[in-house]
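Asker: kindly return the folded structure for what I paste below:
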Amino acid sequence: MFKVIITQDFDHMSEVASRLVVDDIKEKQGGKESYVLGLATGNSPTGLYKHLAKKANKGDFDSTRITSFNLDEYAGLPGKNAQQRVMHAESYSYFMIQELFGLLHTKFREVN
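Answerer: This next block holds a predicted model:
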């Protein structure tokens, strides 16, 4: 069943969402080696990502035990190799570096 949570604004919604994600990480991670986190791109989750990075950097959860999967990426971006394509300004990988991965003091275990 879905739970509707009414928030004051985008930042408050992002903070509430980050608490829900961190609570789930703590609950499910337990003795497991890694927690799998699916990540979307676009403007909607950007606040969530900033709050998650802050929480990880404060030690609220162990980012070294997170394995993430990005749901999106463009095919056919210019570049001679995968590394150049990842750093293209229109790449979703680049977007995620700007919005989450680059904000983390301790990186995720694995990023896909």
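
Asker: next, count neighbours for S68.
Answerer: 19 (other CB atoms under 10 Å). Every residue, glycine included, has its C-beta placed from N, CA and C.

Asker: okay, and the residue nearest to it when sequence neighbours are not counted sits in which element?
Answerer: Leaving aside its chain neighbours, S68 sits nearest to L37 (4.7 Å; criterion: CB to CB, 6 or more residues apart in numbering). Following DSSP states H and E, one finds L37 within strand 35-39.

Asker: what packs against the next helix-or-strand element following that strand?
Answerer: Once the chain leaves strand 35-39, the next helix or strand it forms, by DSSP H and E, is helix 46-58. Packing partners of helix 46-58 (3 or more CB pairs under 8 Å, 6 or more residues apart in numbering; DSSP states H and E): helix 10-29, helix 92-99.

Asker: try it again at 10 Å.
Answerer: helix 10-29, strand 35-39, helix 92-99 (3 or more CB pairs under 10 Å, 6 or more residues apart in numbering; DSSP states H and E).

Asker: which residues does that helix contact?
Answerer: 9-22, 25, 37, 39-41, 45, 60-64, 66, 95-96, 98-108 (CB atoms under 10 Å, 6 or more residues apart in numbering).
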